[in-house]
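Take a look and give me a structure for this.
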Amino acid sequence: MFIRKILALILILGITPQVFAQSDEEQRYIIAREVVTLAKMNEMAAEAAALIVPRIMPGIRAEIPNATDAQMEQVEAIFLEAFQNAGPLYADLYAEIYADHFSLEELLGLEVFFSSEVGRAYIEKQPLLLREAEARSARIGQEIIQDKLADLHAIFEN
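Residues are numbered from 1 along each chain as shown. Next up, the predicted model:
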């Protein structure tokens with residue numbers, strides 16, 4: 001049964017026999033890279049960069065305290081572009097991680113999933129999900145900070 005599934009995957013996905021001539025590690029990386037591409041992880045990394053850059057700007061401003069607001073806007077744009085252009089680096093990184101942690105069979109299953117209608121819907125909605133999770137997480141974080149600050153005030157006032 002497993003052999004039939006693999007053969008069906010080969011036909012459906014157009015995986016060449018060359019892939020299967022590689023070592024297991026090489027096969028996993030090749031398929032993992034395809035999974036990463038299908039899942040648009042480099043685009044998600046760029047989306048995440050848009051959330052990270054504003055957080056690093058206070059530290060950057062501390063490094064260049066004499067910069068004007070207009071100059072800091074340019075600096076922020078430079079960092080945002082740099083993170084967004086790093087998509088291929090992220091894709092390679094994710095492929096290595098996936099190849100390290102998933103078996104060949106699991107990677108082939110992920111490839112089928114991300115090639116499916118449901119998988120494509122997941123990919124399409126992922127940026128929205130990330131933004132929404134970030135916004136909601138920030139609120140939780142603020143509540144935790146406020147709660148713990150009250151505890152700290154009580155400790156240091158005594």
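
Run through who's touching stretch 116-133.
L38, A39, K40, E43, M44, E47, A48, L51, V112, F113, F114 (Cβ atoms under 8 Å, 6 or more residues apart in numbering). C-betas here are computed from N, CA, C, even on glycine.

7 Å - rerun?
Contact with stretch 116-133 is made by A39, K40, M44, E47, A48, F113, F114, as judged by Cβ atoms under 7 Å, 6 or more residues apart in numbering.

centre of the chain versus that stretch, how much separation?
12 Å (Cα atoms, centre = their mean, to the nearest Å).

cool, stretch 100-116 as well?
Distance of stretch 100-116 from the chain centroid (Cα atoms, centre = their mean) equals 17 Å.

before we move on, what about stretch 64-84?
23 Å.

By mean pLDDT, flag the weakest helix or strand of the chain.
In the chain, the helix or strand scored least confidently by mean pLDDT, DSSP states H and E is helix 17-20, which has a mean of 52.

where does this protein dip in pLDDT?
Across the chain, the ranges flagged by pLDDT under 70 are 1-21, 158.
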